[in-house]
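> Here's a sequence, model it:
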Amino acid sequence: MKSFKPRFALLIGMLVLLSPAVWAQNPTVAEVKLVMEVGNAAELANYFSDKVDLNIEGSEGAYSRSQAEGVLKSYFREHPPASFQINHEGSSENGLIYAIGEYVSGGVSYRVWIRLKNVNDQFKIHEMSFVKE
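Model (predicted):
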C-alpha cells in the first residue's frame, strides 16, 4: 500500500498541472491586466468590442468603443490606479471568458468584473463593472 500513495500523489499532481484552471489564462486577460495597472483607457479601448456595457459604481450604460474609452479615461483620472490584480478567471459553457479582479485607488478597493467574447477569433471586452467594496 505504501507504493500506492506516491503514485496517487503523482497522479493528483499531474492532474493539477494539466487542469484547465491552471493553464487556461487567456492572453487577452493578461494584457488587459497590464493596461488596468496603469489606468490607460486608450490602450484598454483596443480590447473593446464595438459595443461595451459599463457599470461604474452603479452608473450603467451601453457605449460605443470610443464612448467607453472616454468614460474610463474620466474614471481613471478621478480614481488613478494604485494596483490591479486578477483574482479569478474562467470561461462559461457558451465560450465567454471572464475575469474578476481588485482595483485599488486612493486606499479604496473596487471589485472589477470583465467579460470577453470571441469576435473574429479575438477575445474582446463586451462588459466591465467597477463596484466599490
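> Tell me how far the residue nearest in space to the middle of the chain lies from Pro80.
Nearest to the mean C-alpha position of the chain, counting by CA atoms, centre = their mean, stands Ala99 at 3.4 Å. Relative to Pro80, Ala99 is positioned 21 Å away (CB to CB, to the nearest Å). C-beta here means a position set from N, CA and C on the backbone, and glycine is covered the same way.
> any idea of the mean pLDDT in stretch 95-103?
Averaging pLDDT along stretch 95-103 gives 94.
> Name the residues that touch it?
Applying CB atoms under 8 Å, 6 or more residues apart in numbering, the external contacts of stretch 95-103 come out as 26, 28-29, 32-33, 36, 79, 81, 83-92, 109-118, 123, 130, 133.
> Filter the residues you listed down to the ones in helices?
Judged by DSSP state H, the contacts of stretch 95-103 include Thr28, Val29, Val32, Lys33, Met36 as members of helices.
> With distance to Lys73 and neighbour count added, can I get the residues you listed in JSON lines?
Below are those laid out as JSON lines (distance: CB to CB, whole Å; neighbours: other CB atoms under 10 Å):
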{"residue": "Thr28", "distance to Lys73": "20", "neighbour count": "17"}
{"residue": "Val29", "distance to Lys73": "21", "neighbour count": "20"}
{"residue": "Val32", "distance to Lys73": "16", "neighbour count": "25"}
{"residue": "Lys33", "distance to Lys73": "18", "neighbour count": "17"}
{"residue": "Met36", "distance to Lys73": "13", "neighbour count": "25"}
